[in-house]
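Participant: when you get a sec, could you give me coordinates for this:
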Amino acid sequence: MWVEDFAFGEKTRDIKGTADKLFGGIYQPESLHNDERDLKESLAKYHSFLELNFQDALKFINTRLQDVDYIVLDIDLPAYGENDEIDETVLSILKDFEGYSPSDDPEDEDRLKSACGELKKNAGFYLYSKLVFELGFPQQHIQFFSNHGNEAKSIEDAFKAAKIAPPDICYKNEDRVRHWVSNCFDSPYSRLRRGIIEGCKQLKKLSNNLRFSRFSVEGKLAFLDVDDYLDILENFLPLREPANKTIFYKLFIRTLAHEWEESVEPKKLDDDQATFAFSWIMKMTRNWMAHNSTAIFNNLTEQDLAYFFICNMRAIFELSEETIGYEKILLSLFSKGGEGETLEKSEIIIKEKRIPLVKYYVSYFNEKTKRTQVHNILHDLQNNKSKLKAKGDDFFITGLYHSFWFLTSEHDDKKDKAVENNRNPNQVYISRHYTFYLFDYSQSDFLFRFSSHIYNRSFPEA
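Facilitator: Just a heads-up that it's a prediction; the model follows:
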């Protein structure tokens, strides 16, 4: 959230230039308008919220604080909008701090104007103290951006007298605020957390699209309460990035995958290869968590949580073939340099069906298990304590990425497909007993985006 008063005395500051100080290089230049209302509307499309006065900012903080991760504050703010009526909350603040109470006195309007003028000088500091001291919002997630900090020595003295470090203030002529905003925008932890929160909010609206019962043991409910499940996930990760975040990540995956405990062995649903893959990935994750293999999940990254969250929700919900908003947030964790060269190369590989399945299958098959399917080979390996220790956790986490590619590729381990293989260019023949049918990952917007983004995490050496 950004709280900013663009008026400076009788003049209006360069609105677009001020916005560029914060968001230049992050949002498209054409989205940074020189009209404050147009700018507010444009930024909202990026889930960045602009408030233009103290009253509106306070209302947002009181009702929608969970929608934001970081806050940029101006100090000098009008008490309320010129076309609005002052509300009871602001009147109460004026009474407590400026000694103003409404009356029928003919001079009441002047007294109100005077009280609002006094509040205006330090309105940003009031918002800061409410956020930090009353609501527990991390002070590291707040940045002042103002030209009035040098006029607030009494506020700085008050902080010091209370033995509290005064907040840092970036002045309007400084560029370092852009670096602060850029670092916040690029934070993998914050992006992961926001993607999960938005995902749970969006999925609550799709409870009628739940298909998890098709994976459940006959006679048992798939969920006791899907909304409760989503509420727990939505509120799981704290706003401030914890020092021991990998512990949180392991507990999050345990919670996410727990519902698969009572599920049956995944079957294909109407030849839906993607759902078949996602359901197996989550069933394996739950089983590995429960059966003495929790060490596998000791070093999870933000990418890994994003991957499991997307797989899980695509398995248990009937979702659109388009990429949903929260999925775009989570998939951006896999992009290097935004939509850069690495992602473009992955997209070309996906379109041309150049997935290195044979190379990686051979490496798994060389483990000399009695199984032929990769997810079953992985399951055998993690059940073998010596193999589990020798392979290490990254081998198995990467294996859960590989499982998506192998499970989406049609195969038949019972029939000799050599003759058919010679006629069908979409088949990759490995042996007399195993044949891949290369899956079309560009058949939908979601599958193309998803596969393109996870490709380099799945096959870093390909």
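Participant: okay, CA-based contacts and neighbour counts for the rest of this
Facilitator: Noted.
Participant: you'd agree Glu36 is up against Gly17?
Facilitator: No. When contacts are counted by Cα atoms under 8 Å, Glu36 is not listed as touching Gly17 (11.7 Å).
Participant: Lys120 touches Leu77, doesn't it?
Facilitator: Yes. Look at Lys120 against Leu77 with Cα under 8 Å: they come within range, at 4.9 Å.
Participant: neighbour-wise, which of Glu36 and Gly17 wins?
Facilitator: Remark: of Glu36 and Gly17, Glu36 carries more neighbours, 19 against 14, as counted by other Cα atoms under 10 Å.
Participant: isn't Asp56 right up against Tyr80?
Facilitator: Yes. Proximity of Asp56 to Tyr80 meets the contact threshold set by Cα under 8 Å, at 7.1 Å.
Participant: before we move on, back to that, who has more neighbours, Lys120 and Leu77?
Facilitator: Ranked by neighbour count (other Cα under 10 Å), Lys120 and Leu77 place Leu77 first, with 26 against 19.
Participant: what sits against that one?
Facilitator: Leu77 makes contact with Glu4, Asp5, Leu52, Asn53, Phe54, Lys120, Lys121, Asn122, Ala123, Gly124, according to Cα atoms under 8 Å, 6 or more residues apart in numbering.
Participant: so it, which state does it fall into?
Facilitator: coil (DSSP: H, G, I helix; E, B strand; the rest coil).
Participant: follow-up on the earlier one: pull up the overlap in contacts between Lys120 and Leu77.
Facilitator: Phe54.
Participant: show me the strands in the stretch 301-450 of the chain, by range?
Facilitator: 410-411, 427-431, 434-437 (DSSP state E, counting those that start in this stretch).
Participant: which stretch in those strands has the least confidence?
Facilitator: Ranked by mean pLDDT, the strands of the stretch 301-450 of the chain bottom out at strand 427-431, which scores a mean of 50.
Participant: residue most distant from the centroid, the chain?
Facilitator: What lies farthest from the middle of the chain is Pro106; by Cα atoms, centre = their mean that is 53.8 Å.
Participant: what sits against that one?
Facilitator: So Pro106 contacts nothing (Cα under 8 Å, 6+ apart).
Participant: which stretch of helix or strand covers it?
Facilitator: Under DSSP states H and E, no helix or strand contains Pro106.
Participant: kindly report the same for Ala158.
Facilitator: Element membership for Ala158, per DSSP H and E: helix 153-161.
Participant: ok, then the element right after that helix?
Facilitator: Following helix 153-161 in sequence, per DSSP H and E, is strand 169-170.
Participant: identify the bridge partners of Tyr27.
Facilitator: Gly24 (DSSP bridges).
Participant: any stretches of the stretch 1-150 of the chain with poor pLDDT?
Facilitator: For the stretch 1-150 of the chain, the stretches flagged by pLDDT under 70 are 8-12, 148-150.
Participant: can you map out the strands along it?
Facilitator: Using DSSP E, counting those that start in this stretch, strands in the stretch 1-150 of the chain cover 2-3, 7-8, 11-12, 50-51, 71-73, 142-145.
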